[in-house]
Every structure is written in C-alpha cells, then in structure tokens.
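Colleague: Provided below are the primary sequence and the corresponding predicted coordinates.
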Amino acid sequence: MTVEDQSPGTDESNWVALDAGGTMTDAVIVSEDGRFLVGKYLTNKQDESVSFIGSIADAAKTDGRQLSEVMPHSEVIVYAGTIMLNTLLSKTGSTVGLLLTQGFEDYLLMEKAEGGWLGYPYADRLHTVTHHHDDPVIPRQRVHGAQERIDLFGQVTVPLREEDVRIAARELAAAGVESIGVMFLFSHMNPAHEQRAAEIIAEEAPGVSVVLSSAIAPTHKEYTRLASVVAQSYAGERARIHFKSVESKARSDGFQREVSTLLAHGGTVPVDTPRLYESYVSGPVGGVLGGHYVGEILGSDNVVCCDIGGTSFDVGIVRDGTIPITREPTLLSFRTNIPMIHTESIGAGMGSELGIHPLTGKLTIGPRSAGSDVGACLNWPNPTITDCHLLLGYLDPNNFLGGDVPLDKDAAQAALEPMAKHFKVGVMEFCERAHQLVTESMREFLSNMLRGRGYTTEEYSMLMYGGGGPLGLSGVVDGLDFKEIITFPFAAVFSAFGVLCAPRRYRYHQATIAACPPGDDAPARAVKGAAIEAINAAWASLEERARQDFAVHGWDFGAAKLNRSAYVRFTNQLSDFEVPWDDERLESIDDLHELMRGYEHVYTSIYPKQALYSEVGYQILELALSADLDTPKPAVPVLDLHGRTPPSSALKGTRPGHWRGQDITFQIYEMDELQAGNVVGGPAVIEHPATTLLIPPTHHVEFDSRRLIHYRAGQA
C-alpha cells in the first residue's frame with residue numbers, strides 16, 4: 001500500500017515510529033524538517049518483525065525509496081505495540097517463580113478486595129452469577145516465602161534468613177523457571193534484603209533473571225508493587241525477546257542504533273529498559289500524545305482523542321492542555337503502579353465479530369475481533385462489521401489497503417444472510433443495524449466518560465482517528481455537540497504519528513515519609529524541616545538514577561528537562577494527587593507551604609472548596625521525577641488554499657450504497673487528490689489506501705489550511 005505525502009530526502013537523517021495493533025502495523029518516517037511518509041502492513045502475530053519491516057518498506061516506497069535507503073539514515077526507531085498486552089491476555093508469558101516475605105505466600109490467591117472484579121462491566125458486577133476468579137499466572141507451588149522483615153521506616157526488625165532464599169532458588173531452578181520475582185514488605189524504604197536475595201539467587205540459579213520490586217517499583221502499597229513485579233517477570237521478559245528480534249531485524253537491514261519503545265507515561269526508551277512492563281498500552285498512548293500536539297497547533301486546550309481500530313475503541317482526554325497521568329491503572333484483574341496516560345477502552349472496533357446471544361437471541365458485537373483476518377470477506381470464519389460495510393457500499397472490495405488485499409463481497413453476503421434471516425430483515429437492513437449498534441455503543445461510552453467527569457462536549461475539540469475512525473465518525477458523533485470535529489488524511493497511522501510526538505523520557509517514583517502539620521510552633525516547624533530534607537533527598541536520588549540511565553544510552557543528561565512532582569494528601573486520607581514543583585529544590589518552609597497550596601489548587605479542581613481539610617495538615621508518601629529529551633516532531637504545515645471545489649482528478653466515480661433504509665449513490669473521492677480549502681458534501685466516500693471517510697447525506701467536510709478534515713452538519 002502506498003500513500004502520497006511530503007517526503008524526506010534520501011541523504012538526511014530521519015526518525016521512524018511504528019504502532020503495531022491487533023490488525024495493522026502502522027509506520028511513520030519523519031525527516032529532520034518534520035515532513036513525513038506513512039505506511040501500513042497487516043500485523044504478523046507470529047513474527048512481528050515481518051510486519052515491522054513491511055510497514056517501514058511500505059512507507060518508504062511512497063517516495064520511491066528502498067528499505068536500504070531508509071534504515072541506515074534513521075536516528076531513532078520507536079516500536080510501540082501490543083506484545084506486552086497480548087502476552088498477558090493470552091497467558092503465554094515466561095515460567096516464573098516468586099519469592100515473598102514469609103506469611104504472604106498466598107497474596108496472589110487472595111487478590112485485593114476489588115481485584116476479582118476489575119475489568120468486569122457494571123452489569124456483571126451487579127449479577128455475581130457471571131463472576132469467577134482467574135487463576136494467577138504464577139501457580140502457588142512456585143511461590144516461596146523467606147523469613148525477613150523491614151518496618152515502615154526502613155529499619156531491619158527481622159534479618160533475612162538466607163537459607164530460605166537458597167532453598168527457594170534451587171527448587172525454582174529445578175522447576176525450570178525463566179525468571180524469579182522478589183517482593184519483600186517495605187523494601188521500597190530499604191532494599192537491602194531484596195538486593196541480598198538477588199545475589200543469592202544468582203549463586204544458586206545462574207542464568208535466571210531476577211526482578212526486584214525495590215528496583216522497578218519502589219513505592220508504597222505492596223500489592224501494586226507485587227502486580228508490577230508479576231507483570232515484568234511474567235510478560236516483560238518474554239516481550240523483551242520479541243523486541244530484541246525486531247531490533248535484530250532492524251540492524252540486519254542497516255539500522256545502527258537501539259530500537260526504542262513507548263512507555264505508558266508517554267516517553268520513549270530503548271527496549272532494554274528494566275521496566276519493560278510499562279509499555280503494555282503504548283498504542284492508545286501514542287494517539288493521546290498526537291492529539292495533544294494537534295490541540296496545541298489548533299490552539300485548543302481541551303481535546304478528546306478517539307481511536308477506532310479493528311478491535312477496540314480507545315478514548316483519552318486532554319484537559320486544560322494537560323495530559324492526565326494515572327498511577328494505578330488496571331492491568332487485567334489487578335492494579336499496578338505503572339504511571340500511565342489515562343485512557344479508557346471498550347472492545348468494539350471495525351473488525352468486531354457479529355454473533356447471536358444464545359439466551360436472549362439479540363445481536364452481539366465483539367469483544368472478539370477478526371484482527372488482521374478482517375472478516376468473512378477475507379480469512380475469518382464468522383461475519384464482522386467490515387463485512388457489513390462492504391455490502392453497504394462504504395468499502396470497495398478491490399481497494400482495501402490500496403488494493404493490496406482484495407475482499408470477497410460474495411463471501412460476506414453468504415455469511416450475513418443467515419443472521420439477517422434470524423432477525424427477519426433484509427441483509428441491507430441487518431448490516432445497517434449492526435453499524436448503528438457498534439457506533440451507538442461507542443457514542444454512549446464517549447458521552448458517559450465525559451459526563452462522568454463533569455465535562456460537556458461543547459467544551460471540547462474532538463479528534464477521530466484510527467483505521468476505522470473516519471468510517472465510524474458520523475455514527476459516533478451523531479447528536480453530540482462538540483466545539484469542532486476533526487479527522488485526518490493520515491488517520492489510520494495517527495497513533496504512530498503521536499509516538500513521534502513523545503520525548504525520550506525516563507520517569508521515576510520513590511516512596512518517602514514526609515508531613516506538613518498545621519500550625520507554626522517549634523514542633524511543627526521541626527517536622528516540616530524534616531519533610532523538606534526527605535523530599536529533597538528523594539528528588540536527588542531520582543536525579544542520580546536518571547543520570548545513570550542516560551549515561552548507559554549515551555544521552556546528554558545536561559540537555560534533559562527535569563520535571564519534579566510530589567504526591568500530596570490530607571493527613572490520613574487514602575487518595576493523593578500529583579503536584580508539580582517547578583524549582584530544583586524546596587529551600588524553605590515557605591516553599592513547602594507553596595507546594596501545599598499547589599495541592600489545594602489541584603484538589604479544588606476536582607472537588608468543591610468546601611471539601612478542603614487543611615486543618616489536619618498534609619502528608620507526602622511518594623515523589624516523582626521525569627527526565628525528558630525532546631525529539632523532532634512531525635510537521636503539519638500551513639498550505640495554500642485551493643478553493644472549495646475539489647479538482648476533477650479527485651472524483652473517482654460513484655458507487656451504489658445504503659443509508660438509513662434507502663438505496664443511495666455515493667460520490668467516490670480519492671483522499672490524496674483533495675486539497676487544502678476543498679469542501680466535499682455527502683453522500684460521499686473519500687477513499688485512502690489506509691482508511692475510508694464516510695460522509696452521510698446532509699453533512700459535509702472541509703479541508704483546512706493544514707489539510708485537517710473538519711466534519712460538519714448541513715449541506716456543503
């Protein structure tokens with residue numbers, strides 16, 4: 001598949017980003033001046049290095065170039081994908097052993113109170129008949145305890161019994177484990193016991209990787225630390241093998257540096273990072289980063305970012321120009337302490353499988369998806385939403401992925417007829433109902449997500465992207481009054497575009513104990529002074545970790561932008577919020593008070609002022625620091641306007657279709673031939689090798705000076 005775009009020269013450096021989804025692997029190649037090429041390739045789930053190289057080659061041939069002309073000139077390749085998440089979902093991770101503080105060996109079986117319900121929809125939480133507990137990914141027989149105890153202040157109260165560690169290491173090695181996770185209580189305050197355990201394991205089980213909670217997640221809440229250890233040792237180490245195969249393939253084709261990946265907090269790091277589990281949702285994160293960047297270009301601080309893929313519908317919100325970070329996102333059936341750009345998803349996409357509920361007889365859509373097998377029109381045994389779009393005239397069976405993948409319309413018809421017969425309707429009516437059902441579920445999800453936060457759609461610019469975004473746009477926004485609705489000629493690779501908006505970043509968290517009591521007497525001032533020392537010491541420690549990590553990769557630490565923050569709560573409350581601190585250190589008690597005022601500002605942006613509880617004082621139990629190096633971002637240049645009427649070369653012809661119970665005729669346009677300033681009225685379909693934009697009757701789209709596509713009601 002080829003896509004026309006502004007192209008980088010062949011003798012200059014470039015940056016490459018990829019987003020490997022369940023259906024497609026998208027690639028973007030960006031030159032030093034920000035011009036970019038895009039390409040796509042069906043994701044090869046057995047060997048992602050195939051689709052990795054295929055998507056880059058597809059983007060390169062847009063400019064008539066070979067892979068050998070791109071890879072040697074690439075400064076950075078960022079590979080964001082679903083390797084981690086797929087490993088967890090399919091439970092195909094490493095054989096792992098676990099070493100815990102003695103007495104806590106059943107922690108995974110016990111779960112956290114909410115753990116058995118995470119990921120369940122609301123209806124299933126109400127009706128417990130559908131509930132079951134998943135087996136832990138590490139069976140109980142591979143969980144061992146070691147006698148030891150460190151208290152909450154980091155003091156050793158029970159020394160580590162080293163013989164327990166040696167016995168556990170020998171037994172786990174004999175069981176064939178590939179990795180051993182270690183999580184001792186309060187190791188985030190003093191890692192000595194975990195570090196000694198790692199030394200013993202290296203002696204007793206050489207070659208087995210060791211994951212320490214104090215190294216990857218030195219924060220409070222032992223269950224979330226344990227979840228992070230499990231995620232890294234079970235899925236992270238297995239994913240590293242896949243990432244390394246991708247890196248090996250890149251180097252065999254001329255790339256001379258480290259392949260990087262995008263982490264959940266929005267920064268890129270080389271794939272040998274010790275906290276690789278933080279990459280598990282990198283695709284949706286890339287889209288939000290791209291949405292934030294486009295929002296800056298448009299001068300819009302409030303942006304809702306919507307991604308329709310073949311498998312899921314992902315939504316992220318940028319509020320007041322800020323991308324929200326959540327510290328304890330849900331990872332399968334437990335919470336982890338992965339700092340992550342906040343996104344939410346439902347299992348509904350344009351490759352979602354259609355079914356009939358065995359009890360109610362109602363039409364079901366998803367969450368199972370055909371992925372790269374598309375539907376009955378290609379390789380999937382059951383009909384999908386894509387089959388419906390084919391019959392409704394939204395898609396051209398001979399122009400899917402630019403004609404690289406022909407679809408069988410007759411096979412789609414044959415697969416859908418029995419379902420239509422079951423519902424006693426014609427095939428076209430059934431297909432339209434299925435399309436409406438999937439877009440209505442997305443619309444309801446989006447609307448509830450905004451309303452649940454007290455926001456209104458009128459406050460937001462809405463960006464729609466993903467391979468299915470332009471096709472589902474009209475249905476999702478029907479009845480929602482956004483400030484503006486925008487999609488993109490490169491919508492299908494927008495998440496990969498967003499990956500290149502990410503800086504190189506390491507982010508660190510560190511537990512501490514600090515308090516800011518009310519009052520100004522001598523004891524209160526002494527506590528505040530100790531708090532300042534603890535906070536400054538933690539930030540200094542995190543800076544040193546960043547300096548060491550930068551040195552490993554040869555990055556210039558002096559050029560890094562350091563962002564410091566503290567997680568503050570009212571004394572003895574359970575929830576805290578991140579408060580940024582712009583200066584290097586706290587220099588005085590006045591600075592500490594200023595930090596607390598920053599917390600109250602954040603607090604009252606969420607809760608009413610009457611909820612303030614300043615008279616009990618404040619606590620800080622965690623500090624954070626991110627170290628960023630900016631990288632070149634893709635340019636979205638301002639172009640000359642060419643008038644409202646599209647050029648004759650853009651109109652490809654007509655195609656019969658179906659809309660709201662009526663047979664209609666769609667005008668068919670070629671996306672790459674449409675120019676800045678052009679207006680296209682419905683009913684029309686704008687085709688692109690990577691996506692399709694559906695414009696219903698009584699609506700139109702306008703291409704602005706950057707060729708961003710504004711979707712609007714009314715005739716053109």
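Modeller: Alright, I've got the coordinates.
Colleague: please, where are all the strands along the stretch 101-250 of the chain?
Modeller: Secondary structure of the stretch 101-250 of the chain (DSSP state E, counting those that start in this stretch): strands located at 143-146, 149-150, 156-158, 179-183, 209-212.
Colleague: winner for burial among those?
Modeller: The highest mean neighbour count among the strands of the stretch 101-250 of the chain, using mean count of other C-beta atoms under 10 Å, belongs to strand 179-183: a mean of 26. Placement of C-beta: from N, CA and C, glycine included.
Colleague: start to end distance for stretch 645-663?
Modeller: Chord length of stretch 645-663, first to last residue, is 26 Å (C-alpha to C-alpha, to the nearest Å).
Colleague: so how far is that stretch from its chain's centroid?
Modeller: Remark: stretch 645-663 is offset 35 Å from the chain centroid, using C-alpha atoms, centre = their mean, to the nearest Å.
Colleague: repeat that for stretch 539-549.
Modeller: Taking the mean of its C-alpha atoms, stretch 539-549 sits 26 Å from the chain's own mean (C-alpha atoms, centre = their mean).
Colleague: please apply the same query to stretch 578-596.
Modeller: Between the centre of stretch 578-596 and the centre of its chain there are 31 Å (C-alpha atoms, centre = their mean).
Colleague: what do you get for stretch 498-514?
Modeller: Centroid separation for stretch 498-514 versus its chain: 15 Å, with C-alpha atoms, centre = their mean.
Colleague: just the CA trace of that stretch, in CSV.
Modeller: Coordinates of each C-alpha in stretch 498-514 appear next as CSV, following Å, rounded to 0.1, in the frame of the first residue of the first chain:
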residue,chain,number,x,y,z
GLY,A,498,1.7,10.5,18.0
VAL,A,499,4.5,8.2,19.0
LEU,A,500,6.9,10.6,17.3
CYS,A,501,5.5,13.4,19.4
ALA,A,502,6.8,11.7,22.5
PRO,A,503,10.1,12.8,24.1
ARG,A,504,12.8,10.4,25.1
ARG,A,505,11.9,10.0,28.8
TYR,A,506,12.6,8.2,31.9
ARG,A,507,10.1,8.6,34.7
TYR,A,508,10.8,7.5,38.3
HIS,A,509,8.8,7.2,41.5
GLN,A,510,10.2,6.9,45.0
ALA,A,511,8.5,6.3,48.4
THR,A,512,9.1,8.6,51.3
ILE,A,513,7.6,9.7,54.6
ALA,A,514,7.0,13.5,54.9
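Colleague: pLDDT (mean, whole number) over stretch 249-264?
Modeller: What stretch 249-264 shows for mean pLDDT is 87.
Colleague: need the distance between the two termini of it.
Modeller: Terminal residues of stretch 249-264 lie 25 Å apart, using C-alpha to C-alpha.
Colleague: next: stretch 62-78.
Modeller: Chord length of stretch 62-78, first to last residue, is 20 Å (C-alpha to C-alpha).
Colleague: contact partners for residue 707?
Modeller: Residues in contact with residue 707 (C-beta atoms under 8 Å, 6 or more residues apart in numbering) are 489, 639, 674-676.
Colleague: columns pLDDT and secondary structure on top of the residues you listed, output as JSON lines?
Modeller: Shown next, in JSON lines, are these (pLDDT from 0 to 100; DSSP: H, G, I helix; E, B strand; the rest coil):
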{"residue": "489", "pLDDT": "91", "secondary structure": "coil"}
{"residue": "639", "pLDDT": "90", "secondary structure": "coil"}
{"residue": "674", "pLDDT": "95", "secondary structure": "coil"}
{"residue": "675", "pLDDT": "94", "secondary structure": "coil"}
{"residue": "676", "pLDDT": "94", "secondary structure": "coil"}
